[in-house]
Structures are given as C-alpha cells and as structure tokens.
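Chemist: mind folding the following:
(one chain, ligands or ions: 1)
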Amino acid sequence: MSLLFKYSVAALMGFGAAGAASALTVVEEPGSNLAAFSYTVDAAARVITLYETWGVNTSTDVLLKFIDWPHGYTAWRIDKYVTNETGASWTSFRHELLQSDKGSSPDDDGLSFAQLGNPHFPRTSDKFLDLYVDEVAHRDYLDFYNGVVASGETVFFSYGLTNRRETDATEPFYLRQTADAVPEAATWALLIAGFGMVGFALRRRAAIA
Ligand SMILES: [Ca+2]
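Modeler: Okay, here's the model as predicted:
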C-alpha cells in the first residue's frame, strides 16, 4: 500500500485530527476513567463509531464531550461498541445528552437523539431487548434494558443524533452513559452464603430465646 493511499484512507475515515480547525472531536471527560477509548468519524456517511472499554476503575457516570459538531438539520448515526471489563454484569445501559453546562437538554435546544431526525435512525442494541425513551420536554434520554452484558462481553448500540444550532448551550455538548450493574455469579454465591449465615444466626437466637 502506498503512503499516499494510506493517507487518503485515513483522511476519508476521519482518523485523527487531520489538521482541520473545525473537525468534529470526541473527548473522554476527566474522571470517566475508561480503560480504553477511540472513535472514527465517517463524514460522508455521517456515522460516528465509538469504542469504549469499561474497567474496574471506570466511573458509573462516563461522559464524552463532543466538540465542533457539524451543526445542521441532517441527523448523524452513532454506532457504539462497549466492552464490559468491570467484573459485574450490566442489566441496563442509559444514555443522556447534556448541554455544555452539563445540564439536561430540553426540547427546544436543537440537540436530541434525532426524534425528528432526517433520516430517522432506529435505536437498537444487540444485547438489550427494550428501550425506555424520555425526550418530550425536559431531557433527551435513552435507557436500554431487558438484557445482560456479562463481564468480558461487548454490547453494541446504534441511534441517531442531531445538534441543529451552534449556540453556547450546545457547543460543546456531552453524552452521559450509565450502566446498572449486578454482581457476577461468584459474587452472588458469596452473598447468598452470607444471607444463609445471617439466617442461621437469627434461628439460633430465636431458639435460645
Ligand atoms: Ca434537546
């Protein structure tokens, strides 16, 4: 592969900053503590693909900051692969859009999960069967649930996103992600054994009384 060809492919796929002053950039907010994070931007197809690995030190609130979004009415598609290395199983995975002050995104700010999107993108996941949506008035919120992502597994999400107007409220903006976790089977076994001990102790006390 020639150097020129490799450079062209990299530019086409949007790897790196490529030197353009207003290139869309996605940054992990300090404190999120992802074990790994990367992304690609396909400007021609209007698709952003996010790759995240959540480890044992990852925050329960992971924030990604979107800088220099290409504002306009055309919806983009977010594809996201999240690898769970936390040691716990996830039973739901929530997404919320936040304004530049990290407050909720109301209905009239132009920032949304593209409920009026053109084109309209389905909201899907390969691990969660159901989706709770709240985007009528005071926030933009997607909660994928009814499924399990065990530690060691990767879950895929896809949904639309629009940020129509460049204002101080929505440039930059944030995507907040929160996973609800339950302990792994081994931890459950310990917990159940613990409950058994408590029950035994209570029965002993009752018998003595
Ligand atoms: Ca909004």
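Chemist: contacting residues for the residue in the chain positioned nearest to the ion?
Modeler: Ranking the residues of the chain by distance to the ion (CB to the ion) places S105 first, at 3.6 Å. (C-beta placed from N, C-alpha, C; glycine too.) With contacts defined as CB atoms under 8 Å, 6 or more residues apart in numbering, S105 is in contact with 96-99, 111-112, 139-140, 170, 173.
Chemist: try 7 Å this time
Modeler: Each residue near S105 by CB atoms under 7 Å, 6 or more residues apart in numbering is listed here: 97-99, 111, 139-140.
Chemist: mind listing the strands for this protein?
Modeler: In the chain, the segments counted as strands under DSSP state E are 25-28, 36-42, 47-54, 62-67, 76-84, 88-98, 111-112, 124-125, 130-134, 140-149, 154-163, 173-183.
Chemist: how much space between R203 and I192?
Modeler: R203 is 16 Å from I192, where distance means CB to CB, to the nearest Å.
Chemist: flag every residue of this protein that's near the ion.
Modeler: Selection of the chain residues close to the ion by CB under 5 Å from the ion yields 105, 109, 111-112, 140.
Chemist: top of those residues by neighbour count?
Modeler: Within the residues of the chain next to the ion, L111 tops the neighbour count with 28 neighbours, counted by other CB atoms under 10 Å.
Chemist: show me what it bridges to in the sheet.
Modeler: Following DSSP bridges, L111 is listed with bridge partners N163.
Chemist: please identify which pair of the residues of the chain next to the ion lies farthest apart.
Modeler: D109 and D140 (9.0 Å; CB to CB).
Chemist: tell me the pLDDT of the residue of the chain closest to the ion.
Modeler: You'll see S105 listed with a pLDDT of 97.
Chemist: before we move on, what about L129?
Modeler: 97.
Chemist: what's the local residue count around it?
Modeler: Other residues near L129 number 9, with proximity taken as other CB under 10 Å.
Chemist: ok, and the closest non-adjacent residue to it?
Modeler: N146 (4.3 Å; CB to CB, 6 or more residues apart in numbering).
Chemist: surely that neighbour and Y132 touch.
Modeler: No - using CB atoms under 7 Å, N146 is not in contact with Y132; the gap is 9.8 Å.
Chemist: excluding its backbone neighbours, what's nearest the spatially most central residue of the chain?
Modeler: Centroid-nearest residue in the chain, with CA atoms, centre = their mean: Q177, separated by 4.3 Å. The shortest distance from Q177 to any non-neighbouring residue, by CB to CB, 6+ apart, is to V62 (4.5 Å).
Chemist: and that neighbour, what's its pLDDT?
Modeler: Here the pLDDT value assigned to V62 is 98.
Chemist: what is the burial count for it?
Modeler: 21.
Chemist: burial measure for H95, as a count.
Modeler: Per other CB under 10 Å, the neighbour tally for H95 reads 20.
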